[in-house]
Structures are given as structure tokens and as C-alpha cells.
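J.: Sharing a model that was predicted from the sequence below.
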Amino acid sequence: MTLVAVFLLSCLSLVIWLVLLFARGGFWRARPARPLPPDAAPSDWPAVAAVVPARNEADVIGEAVTSLIGQQYPGPFHLIVVDDHSTDGTAAAARAAGKKMRARFVYRVHALRVRAARGGFARRIARAAHRFPNFSSES
């Protein structure tokens, strides 16, 4: 009786592994992402919105904005800089660095709405009934 139970459990385990391997595509194995073809139009790439929260970061915000603007992403790219009531000129430094690109600057973090981003994910979030939590360590 015990031998039959062990055999049945072994068969069940084998079936489960075969289903995971062949029917589920071996999802646990790491594979490199499939890039879009090099001749893909920019409209084929998904829209990306980079949100940069900043408060009293005037000494580094220019470098961060310049780095994000310099990205070689062929699809639609939006940069949103959120200045949370800085007192050291963070907004001016970010705006000066963002002149090369149409970046959006949000100055009142409590008035921020998802419509600042233009991606499809942001539009889906905007339909949600909850408000965004404050992830800032300084309130």
C-alpha cells in the first residue's frame, strides 16, 4: 500500500513539473527581455514617465534632470519634477536644466494629480478612488 502511494505521489509530482515546464513556459527561468526590432517606430514603444520628487535638492537636481533628458529612449518620454516647497532654489535649478525638453514642473505636491503624466498606466490609476500616499520622509 505504501509503495503504491509513493508511486502515485511521484507520478503527480512529475505531471505537475511537466505542466509547469511545457504549459506555463518555464516562467521561473530568467530570460533576457525581447527587445523591439531596431526598425520599430517610436509609436510602437510604450510611453514612459519619469517622476522626480525633490525637496531642497538644488545642488543635485540639475544633474539628475540632465541625465534623464539624455536618455536614448525612442518612445514617448515625459519628465515630471515635483518640488515639495523647497527653499533653496531647487525649482529654478530643475527648470534651468529642463529647458532642452518640455519637462513638467509641479510645485504644490498636495495639488498633484495623476493627469500630470500621460501614460496609459497613469490614466488607469487616475480612475482609482483612493488618494496617493505621501512617500516623503519630511512632511
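T.: Now that the structure is in, tell me what you want to look at. Residues are numbered from 1 along each chain as shown.
J.: Now do the longest helix seen in the chain, average pLDDT.
T.: For the chain, the longest helix by residue count, based on DSSP state H, is helix 2-18. For helix 2-18, the mean per-residue pLDDT is 93.
J.: which residues touch that helix?
T.: Helix 2-18 is contacted by no other residue when judged by CB atoms under 8 Å, 6 or more residues apart in numbering. C-betas here are computed from N, CA, C, even on glycine.
J.: Check which element follows it along the chain.
T.: Next in sequence after helix 2-18, counting helices and strands by DSSP states H and E, comes strand 48-54.
J.: Flag every buried residue along stretch 40-49.
T.: 47, 49 (16 or more other CB atoms under 10 Å).
J.: hmm, I was thinking of stretch 46-62
T.: For stretch 46-62, by 16+ other CB under 10 Å, it's 47, 49, 50, 52, 54, 55, 57, 58, 61, 62.
J.: surely the third one meets residue 81?
T.: It stands for residue 50. No. Using CB atoms under 8 Å, residue 50 makes no contact with residue 81, being 9.1 Å away.
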